[in-house]
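Student: 3D model of this:
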Amino acid sequence: MLKLAILGLLHERPLHGYELRRHLAALTGHVRPISDGTLYPAIKRLEADGLLVRETEPGTTAAPRHTLHLTEDGRAALADRLRTPEDLDISDENRWFTVLAFLRHLDAPAEQAAVLRRRLAFLQQPASFFYDGERPLGAEEFEDPFRRGLLLIARTTTQAELAWLESTLAELDAGAGSARPAG
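Tutor: Numbering: from 1, shown residues only. So this is what the prediction gives:
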């Protein structure tokens with residue numbers, strides 16, 4: 001996910017390492033804090049793979065600053081990753097939010113819709129945090145107010161996301177239909 005987030009943020013504009021870290025922290029928040037020991041080796045790997053380049057700019061009051069820029073190969077890698085996210089990118093909420101944050105960088109509404117349909121299919125499967133054998137347990141089956149609350153919050157969140165997915169898919173499908181050549 002770090003690679004996707006770095007590529008996605010640099011797609012929007014070149015950033016200095018510190019700015020990139022700040023934007024990553026805003027995106028991932030407390031869920032997945034990014035340390036320098038994780039970020040800078042990832043940047044070096046992306047640079048070695050030709051997905052980004054580092055350009056030196058004069059510093060305003062100090063040493064020169066290095067700005068990170070996405071290459072064409074980096075743009076292509078981002079599009080590939082967005083076009084075909086891993087199953088875990090679809091099912092894990094935090095990973096899904098990272099995909100969703102940059103899905104607009106796919107140019108074709110049909111490609112965006114295909115990714116959203118995968119998430120929709122995942123959310124439509126019966127699931128719970130708790131099971132009786134293979135049967136998912138619902139909030140109403142718990143006297144424990146904390147488990148019941150967890151399941152009610154999850155259900156409400158899922159319902160809101162399902163409504164958003166259906167609405168957005170309708171918009172994308174309408175846009176894709178109007179983008180098709182006539183005749």
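
Student: And the helix or strand of the chain with the lowest mean pLDDT, what's buried?
Tutor: Of all the helices and strands that make up the chain, the one with the lowest confidence by mean pLDDT, DSSP states H and E is helix 17-28; it has a mean of 88. For helix 17-28, burial by neighbour count (16 or more other C-beta atoms under 10 Å) applies to 17, 20-21, 23-24, 27-28. The way it works is simple: take the backbone N, C-alpha and C, and place the C-beta from them, glycine included.

Student: do the same with stretch 63-72
Tutor: For stretch 63-72, using 16+ other C-beta under 10 Å, the buried residues are 67-68, 70-71.

Student: Please apply the same query to stretch 101-116.
Tutor: Residues of stretch 101-116 classed as buried under the neighbour-count rule (16+ other C-beta under 10 Å) are 102-103, 105-106, 109, 111-113, 115-116.

Student: Take the buried residues of stretch 63-72 and keep only those in strands.
Tutor: When strands are assigned by DSSP state E, the members of the buried residues of stretch 63-72 inside them are 67-68, 70.

Student: I'd like a version of those residues in CSV, one that adds distance to residue 36 and pLDDT as further columns.
Tutor: Conversion of those to CSV gives the following (distance: C-beta to C-beta, whole Å; pLDDT from 0 to 100):
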residue, distance to residue 36, pLDDT
67, 18, 92
68, 15, 95
70, 21, 96
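
Student: out of the residues you listed, who's nearest residue 163?
Tutor: residue 70 (33.7 Å; C-beta to C-beta).

Student: Spit out the contact partners of the closest one.
Tutor: Residue 70 sits next to 7, 10-11, 14, 51-52, 78 when contact means C-beta atoms under 8 Å, 6 or more residues apart in numbering.

Student: For the chain, which residues score under the pLDDT cut-off?
Tutor: 30-32, 59-62, 176-183 (pLDDT under 70).
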